[in-house]
Every structure is written in structure tokens, then in C-alpha cells.
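K.L.:
Provide a 3D model corresponding to the input given below.
(4 chains)
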There are 2 protein chains.
Amino acid sequence: MPPVSGADQIDTPLVATIVVIFAIREGALQVLLVRRAADPDRGLWALPGGRWDGEESLDDTAARKLVEETGAADLYLEQLFTTSGLDATQLSVAVAYFALVEASTVRLREEQEWQPAWHDVGALPRLALNNNRVIQQAVDRVGAKLDYTNIAYGLVPREFTLRELQTTYEAILGRSLDRRNFRKRMLSTGLIEPTDEHRREGAHRPALLYRFASREPVVL
Amino acid sequence: MPPVSGADQIDTPLVATIVVIFAIREGALQVLLVRRAADPDRGLWALPGGRWDGEESLDDTAARKLVEETGAADLYLEQLFTTSGLDATQLSVAVAYFALVEASTVRLREEQEWQPAWHDVGALPRLALNNNRVIQQAVDRVGAKLDYTNIAYGLVPREFTLRELQTTYEAILGRSLDRRNFRKRMLSTGLIEPTDEHRREGAHRPALLYRFASREPVVL
DNA sequence: TCAAAAGTGTTCTATCTACACCCATGT
DNA sequence: ACATGGGTGTAGATAGAACACTTTTGA
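P.N.:
Prediction:
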């Protein structure tokens, strides 16, 4: 095991991971933010993150941060990019990730001083550091990957209706899709498959439930 | 300006950039390698890289490394990903980039102890650390981006024949393309445009020269 | 006149887009 | 019976893939 970095030193580079945690809530794409506890920008809403201590990989640090904040199993986690110079008061490098979690599995620790809370990506406040830009890049990346991967499995329950899946896509892409074409394409890719169960809710025909054929990342 | 990290300390995380420098040479995709000067894997071929000292951004560190090794203007440089734990002897983080340079503008510093040299990506030796994997990811990324960006401008001279451009694409993709379809697609995207000059070389009809409409990154 | 690479168009296929009606259910 | 969302097919447009002959030049 490699030795651990000592306590804060102004001349030691700080390596941190930050995680853009997405979930679909109330039909909208939301992101988890916390109150930033350190200068600069103390008190502003910010992406959750933590120092990398060298005892685990960067990916593991990001995954651990995700679980700490949401209690959610690590459904989908991907590295975005790395930036330096965010924080003019300290030599620092931030490795940004994004994660996709299923809203119903999340239990926030709302008693915490950093006040974790979901925010609609369409109506974000000004965030600490460059966090607005990081989130925008994460949204763009997820939207692009919806077309040729199965990563939406991270956002929906194990079984879901096509309507739920379509709402998820629309929330990320920011535009509405044609129901018939959406169904045809989803099924033709083979990424999802029908179950033999239906869900009835309300005064209308019950919807067939589907599942992702794989809940590991697949690229078409 | 932020303070500078001190000399080597075993308990200070080392942040380094490494750069996959690509050029087309003799019709093949080649990558610049150097002899690694430090343990582990001292003496093996490796990607050029250098410590990040905090006085410049990570991107600037990678760009400077590129210029130091090749003398080439920074034609195209993009971040790939960041890894930790490459080097079990030290707490380290490596930020990988790839660069596209035009072979004719490169002047290697061959007198250097680290023996910079071009290697065909199709026939690489075993490299230090995870460098084989880094190069593979870089090739995949470039190949994917050929389809929807103009990044090939980084690999070809300011003016070029369609044959030269096609050879460049084929070297990266590892397969041959149809000449007529290639021409049609290249011109229909508007990424390249004809000049009014021809190049005659050999006992055959002269080829019209083309240029990239923009030599800054463009996404279709 | 010959060899060698440049230049050019059409057909076929697959994919994406647009669009309207019937079905199953609860009240 | 009616309101609500679920489920389905077709036609037109677009983009990509396959494919062969003529042109210009230097030797």
C-alpha cells in the first residue's frame, strides 16, 4: 500500500474527485448538490467531492463518494475529465465523474451540515468554482451516449414501462420524442426486452414492463 | 501564481501528464515513444510525459511537453483520461492526452538520452506501465472522431490531395475506404474545400489540392 | 502507346422521420 | 359511455454502400 499524503500543506497538490450524480425525479433530470464547506466559494451549492488519499484508485474514490452521498449502488459511473487551477488558493487537480442512479434507491443524509439536495438541471443556481460547466458537459456526454449505449439502465428501475424510459430520454435530451419511433428503435437495438408482466395504474390499458437485457455497460 | 511543489517527496502525490503523439509517416499511423528514465520499467519504451508543477494548467503542461519533444506547433491536443496507481512505488496520478501533428514539421531531439523515436502503432513493443492501453484508447478515440469532426487537419499539411487524406483515414481506421464515397462525404460535410492548385507527381493525371475550411476543431 | 493515379454517377439498401387509429382499462 | 394512456404500421426522405469507366499525364 502506498504511503498516505500528510495533512494539508500549501505546497502539496490536492487531488480531488467530484461527482455529478444524476437521477430522474418527477420526470426531470436532477443533480445532487451540497453546500460547499471550504473556501473559495464557501456556502455556495457545489458538486459533492472528496480528497483522493492514495489508498484507493481514483475510480474507487468517486464510487465511494457516490455511495456516501446517496446510499445508491454504483449503477453507472464514468470519468469525465480532469482540470487544474480551479482553486487559486491551493495547488489542486480535480478529476470529474458522472454517475447515474435510480431515484427510488437513494436515501440522502439530509441531516448533514452540507445539506445534500436534488436540483433540476434546467434551473441551477450559480455554483461554486467551475461546477456549472462540469454539469453541462456531463449532460452533453450522457445525452450523446443515450444514442449508442445502454447507460439509461442506471436511471430506471429493473423493470419499467416504455413510457418511463422515454420520459427519461426526453428529460436528458431536453426535447420530446415520437412514441412509436422510440419503441421501434429501443426494441430493434436489442438493449431492452419485454417481461411477461404488466403494470396497471389508472383508467387505461396496462403497460407491458420491459427490462434492460444487460445492466452492465454495452456499446452498440 | 500558486506556490510550487517542492522536490520529490515520497508522501506527495505526483501529478504527471503523458502525451500520445500521433503522426502519419510512410502511410502508417505512428506514435512517438521515448526510453523511460525512471523506475519502474526504466529503459522500456514509454510515452513522453512530465511532472505537473502547478505553475501552468494541465493542458499547458501537455502542450509544452508536445512542443519540447517534437518542435511541432500544437495542432490538436485533447485530454483522454486520468489514472492513478500506475506506479506502485509512488503516490501518482497520470493525466493522459493525445496530440495530432504533421510529420513534416517535426524535428526530434535524437541526441537526447531518452532516444525519442517513431513507432508504428500496429507493431508496438511492450511498453512501460499501462502505456499500451493508453495508446489503444487514443487510437479508438481518434478513429471515432474522424467521422464527425475535422481533427484530421492536425495530421496533414495545409494543402493536400484527397488521396493523402484518405490514406490518413485508412491508417487510423485500419481498413480501406472506397475512393468515390470518401470524396463525396468529405466534400459534402464542408470540412474541406478545393484550392485552385494541382500537384503533379509521376506519370499520371495531377491531383487537385484541398485544404481544411477550418484548422480549429469543428464538430459536425 | 502504355502505365498509373485522378476524377466522376447511379443503383440499391438501410435507417430515420412523420403521422392516425384502435385497444384495454377504471370510473 | 367516456376519458386516459397503451399499442401498432406505412410511406417518404435521407444517408451509406457497392460498383466501372474515362481522363490526364510522363515515360
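K.L.:
tell me, how many neighbours does the nearest residue to A:Tyr210 once chain neighbours are set aside end up with?
P.N.:
For A:Tyr210, ignoring the flanking residues on the chain, the nearest one in space by C-beta to C-beta, 6 or more residues apart in numbering or on different chains is A:Ile192 at 4.8 Å. Every C-beta, even on glycine, is put in place using the N, C-alpha and C of the backbone. Neighbour count for A:Ile192, taken as other C-beta atoms under 10 Å in any protein chain shown: 21.
K.L.:
List the buried residues for the top helix by length along chain A?
P.N.:
Scanning chain A for the helix with the most residues, using DSSP state H, yields helix A:131-146. Under the neighbour-count criterion of 16 or more other C-beta atoms under 10 Å in any protein chain shown, helix A:131-146 has A:131, A:134-135, A:137-139, A:141-142, A:145-146 buried.
K.L.:
The worst-scoring helix or strand of chain A on mean pLDDT pairs with which strands, and in what direction?
P.N.:
Ranked by mean pLDDT, DSSP states H and E, the weakest helix or strand in chain A is strand A:49-51, scoring a mean of 90. Paired with strand A:49-51 in the same sheet, following DSSP bridges, are strand A:14-25 (antiparallel).
K.L.:
How about the residues of chain A by DNA strand C?
P.N.:
Taking C-beta under 7 Å from any atom of the strand as the criterion, chain A approaches DNA strand C at residues A:178-181, A:184-185, A:200, A:202-206.
K.L.:
now with 6 Å?
P.N.:
Counting by C-beta under 6 Å from any atom of the strand, the positions of chain A adjacent to DNA strand C are A:178, A:180-181, A:185, A:200, A:203-206.
K.L.:
For the least confident helix or strand of chain A, buried residues please.
P.N.:
A:Gly49.
K.L.:
What are the boundaries of the strands in chain A?
P.N.:
For chain A, the strands defined by DSSP state E cover A:14-25, A:28-35, A:45-46, A:49-51, A:76-84, A:92-100, A:117-120, A:160-161, A:192-199, A:207-212.
K.L.:
and the ones you listed as a markdown table, adding distance to B:Ala99?
P.N.:
A markdown table is the format used below for the strands of chain A (distance: least, C-beta to C-beta, whole Å):
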| stretch | distance to B:Ala99 |
| --- | --- |
| strand A:14-25 | 24 |
| strand A:28-35 | 33 |
| strand A:45-46 | 32 |
| strand A:49-51 | 29 |
| strand A:76-84 | 16 |
| strand A:92-100 | 20 |
| strand A:117-120 | 37 |
| strand A:160-161 | 43 |
| strand A:192-199 | 40 |
| strand A:207-212 | 38 |
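K.L.:
thinking again about what came up before, which helices and strands does the longest helix of chain A pack with?
P.N.:
For helix A:131-146, the packing partners by 3 or more C-beta pairs under 8 Å, 6 or more residues apart in numbering or on different chains; DSSP states H and E come out as strand A:14-25, strand A:76-84, strand A:92-100, helix A:162-173.
K.L.:
What's the mean pLDDT across the first one?
P.N.:
Across strand A:14-25, pLDDT averages out at 95.
K.L.:
Now do the buried residues in that strand.
P.N.:
Under 16+ other C-beta under 10 Å, the buried positions of strand A:14-25 are A:14-24.
K.L.:
Among the residues you listed, which pair sits farthest apart?
P.N.:
Comparing all pairs in those by C-beta to C-beta, the longest separation belongs to A:Leu14 and A:Ile24, at 33.0 Å.
K.L.:
Let me know the closest of the buried residues of strand A:14-25 to DNA strand D.
P.N.:
Closest approach between the buried residues of strand A:14-25 and DNA strand D, by C-beta to the nearest atom of the strand: A:Ile24, at 15.5 Å.
K.L.:
what's the closest one in contact with, if anything?
P.N.:
Taking C-beta atoms under 8 Å, 6 or more residues apart in numbering or on different chains, we find A:Ile24 in contact with A:30, A:103, A:155-156, A:167-168, A:171.
K.L.:
quick one: which of those is most hemmed in?
P.N.:
Counting by other C-beta under 10 Å, top hit in the contacts of A:Ile24: A:Leu155 with 25 neighbours.
K.L.:
give me every residue that touches A:Phe182.
P.N.:
Contacts of A:Phe182 by C-beta under 8 Å, 6+ apart are A:162, A:166, A:169.
K.L.:
contacting residues around stretch A:137-148?
P.N.:
With contact meaning C-beta under 8 Å, 6+ apart, stretch A:137-148 is reached by A:20, A:22, A:29, A:78, A:80-81, A:96, A:98, A:100, A:121, A:151-152, A:169, A:172-174, A:219-220.
K.L.:
just to revisit the earlier point, least reliable of the strands of chain A going by mean pLDDT?
P.N.:
Lowest mean pLDDT within the strands of chain A: strand A:49-51, at a mean of 90.
K.L.:
where's that strand relative to the chain centroid, distance-wise?
P.N.:
Centre-to-centre, strand A:49-51 and its host chain are 16 Å apart (C-alpha atoms, centre = their mean, to the nearest Å).
K.L.:
neighbours around A:Arg163, how many?
P.N.:
By other C-beta under 10 Å, 13 other residues sit near A:Arg163.
K.L.:
wait, what's in contact with the residue nearest to it when sequence neighbours are not counted?
P.N.:
Leaving aside its sequence neighbours, A:Arg163 sits nearest to A:Ala207 (C-beta to C-beta, 6+ apart; 6.3 Å). For A:Ala207, the contacting residues are A:161-163, A:198-199, by C-beta under 8 Å, 6+ apart.
K.L.:
Kind regards, and thank you for your time.
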